[in-house]
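Participant: quick one, fold the following:
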Amino acid sequence: MSNIWVGRKVRLRGVEADDWEGFRALAEDTVDVRNADLVEPPRSAEGFRAWTAERAGRAPGGEAFRLVVETLTDQTFAGSVTVGDTDTRAGRFKTGIEITRAQRGKGYAREAVELTLTYMFAERRFNKCEVEIHAFNDASLALHRSLGFIEEGRLRQHEFFAGAYHDLVLMGLTADEHWATHPRPPVRS
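Facilitator: Numbers count the residues shown, from 1 in each chain. Next comes the predicted model:
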């Protein structure tokens, strides 16, 4: 792999102001209402343009970031991957993945998470990745299990939205577990 941000199917890149329609598609059809205390009213097109433009203007890197998942075949916006809640002392971080409905089932989420894990474990020296997944999100649970994540706990009736309380499944993956099934990035000379 010559570029840590490029896989066989997708590349991860910074947010561009023109990505607002992709983010609107994610907001409209996402299965996993992550980190929401309530379902919000619809946002205007201008609201999405402003939100995306602000993110596009942020400096790269930092402790928390969001990257766009873009297909290699036709440079289509396929979703986004986030890193946050980093704890450099303990060596932990959280990640999340969202793929637009039209791009699901094509392996884009898997590859985007793998690229993110490789970056965080190989370049940022973190030791553990944690994810929080709603118990009803079978696709995300299956994806993370297939990547080697282990269920570490369940917060029962932890979040309320869409008229009901929902369990939150806590999963984790250590760097050693990741490297046991993935090659380390090559050193370039």
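Participant: from residue 119, how far off is residue 172?
Facilitator: Look at residue 172 and residue 119: by C-beta to C-beta, to the nearest Å, they are 18 Å apart. The way it works is simple: take the backbone N, C-alpha and C, and place the C-beta from them, glycine included.
Participant: please apply the same query to residue 3.
Facilitator: As judged by C-beta to C-beta, residue 3 and residue 119 stand 11 Å apart.
Participant: these two: which is more packed in?
Facilitator: Neighbours around residue 3 and residue 119, counted as other C-beta atoms under 10 Å, are more numerous at residue 119. The numbers are 17 against 10.
Participant: and the more buried one, that one's in a helix?
Facilitator: Yes: with DSSP: H, G, I helix; E, B strand; the rest coil as the criterion, residue 119 is part of a helix.
Participant: need the contact list for it.
Facilitator: When contacts are counted by C-beta atoms under 8 Å, 6 or more residues apart in numbering, residue 119 touches 4, 5.
Participant: in stretch 13-28, what's buried?
Facilitator: 15, 19, 20, 22, 23, 24, 25, 26 (16 or more other C-beta atoms under 10 Å).
Participant: stretch 67-85 now?
Facilitator: So for stretch 67-85, counting by 16+ other C-beta under 10 Å, buried means 67, 68, 69, 70, 71, 77, 78, 79, 80, 81, 82, 83.
Participant: can you list the strands that the helix or strand harbouring the second one pairs with?
Facilitator: Yep, that's residue 68 we're talking about. Here residue 68 is covered by strand 65-71, with elements defined by DSSP states H and E. Taking DSSP bridges as the criterion, strand 65-71 sits next to strand 10-13 (antiparallel), strand 77-87 (antiparallel) in its sheet.
Participant: low pLDDT regions in the protein?
Facilitator: 1-2, 30-40, 188-189 (pLDDT under 70).
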